[in-house]
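> Sequence plus the predicted model coming up.
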Amino acid sequence: MGKKKKQNPAGRDAVIDLRRRRDTEYKIAHLAAPLCAAHGLELVCVEFQREPGGRVLRLTIDRPAPDNEQEASGVSLDDCAAFSREAGDMLDAALEDQGPYRLEVSSPGPERLVAWEADFIRFAGKRIRIRCIEAPGADDRVKFSGILDGVTDGVVRLNTGDGLREIALDNIARARLMAETGNDNGESGC
């Protein structure tokens with residue numbers, strides 16, 4: 001008998017909830033991205049989740065990197081506040097059926113979330129941490145770190161130091177760049 005694939009420790013219901021939450025996040029992204037572009041910004045990530053204080057809609061924005069550069073130029077507190085004011089009313093109307101939530105708008109910081117296929121292409125060669133929804137291989141692991149090798153046909157390639165891992169984009173619960181530490185031995189605490 002073959003070994004059963006281990007699911008996310010929270011169980012199958014959590015996987016279904018995560019995918020349902022993703023649908024809402026994609027809807028939000030389609031509303032917020034054009035507004036970002038109008039302000040000369042890019043939408044880095046959308047997170048809509050329950051937290052101890054209630055539901056939180058977290059939008060991470062940045063100023064796009066100049067052509068042929070990986071690093072964005074950053075956003076100011078004023079950029080975040082202005083975008084939050086304008087996006088708030090639009091999102092309140094669009095998410096009326098979701099109930100109350102708190103809107104947070106922030107910059108990505110050095111360990112920015114990598115959420116879109118274009119980000120996985122853009123940050124090829126960078127150190128990254130990935131958490132999967134379900135174990136992508138026979139070893140039951142759901143957390144990986146290594147050097148991002150890129151993405152092809154919806155599959156992310158990650159050099160973990162133990163070899164090349166291939167992880168489907170739709171199986172990634174969260175991916176985040178790792179701050180440069182000068183330690184390039186492939187080890188990570190994730």
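Yes, it's here. Numbers count the residues shown, from 1 in each chain.

> for the spatially most central residue of the chain, phi and psi?
Geometric centre of the chain, nearest residue: residue 115, 3.2 Å, by CA atoms, centre = their mean. Torsion angles at residue 115 (phi, psi; degrees, to the nearest 10) stand at phi -120, psi -30.

> Please apply the same query to residue 87.
phi -70, psi -30.

> Before we move on, what's the pLDDT of it?
What the model reports as pLDDT for residue 87 is 92.

> And for residue 188?
For residue 188, the model assigns a pLDDT of 36.

> picking that back up, what strand or helix carries the residue lying closest to the residue nearest to the centre of the chain once chain neighbours are set aside?
Of all residues not flanking residue 115 in the chain, residue 45 sits nearest, at 4.5 Å (CB to CB, 6 or more residues apart in numbering). C-beta here means a position set from N, CA and C on the backbone, and glycine is covered the same way. Here residue 45, judged by DSSP states H and E, is contained in strand 42-51.

> if we can go back for a sec, my guess is the residue nearest to the centre of the chain meets residue 44, correct?
Yes - the pair residue 115 and residue 44 passes the contact test of CB atoms under 8 Å, sitting 6.8 Å apart.

> tally of neighbours for residue 146?
The number of residues packed near residue 146 is 22, by other CB atoms under 10 Å.

> Revised request: answer the last question for residue 93.
Neighbours of residue 93 under the rule other CB under 10 Å: 9.

> gap between it and residue 31?
10 Å (CB to CB, to the nearest Å).

> Over to residue 176?
24 Å.

> Looking at the two, which has the bigger crowd around it?
residue 176 (20 against 17).

> ok, what's across the strand from the more buried one?
Beta-bridge partners for residue 176, by DSSP bridges, are residue 113, residue 129.

> in the chain, what spans have low per-residue confidence?
1-21, 66-73, 181-190 (pLDDT under 70).

> Which residue ranges make up each domain of it?
12-106, 117-177 (automatic domain parsing).

> Please work out which of the ones you listed is packed deepest.
domain 117-177 (a mean of 17; mean count of other CB atoms under 10 Å).

> what's the offset of that one from the middle of its chain?
12 Å (CA atoms, centre = their mean, to the nearest Å).

> now do the same end-to-end measure for that domain.
14 Å (CA to CA, to the nearest Å).

> Report the separation between residue 128 and residue 83.
Counting by CB to CB - residue 128 and residue 83 are separated by 26 Å.
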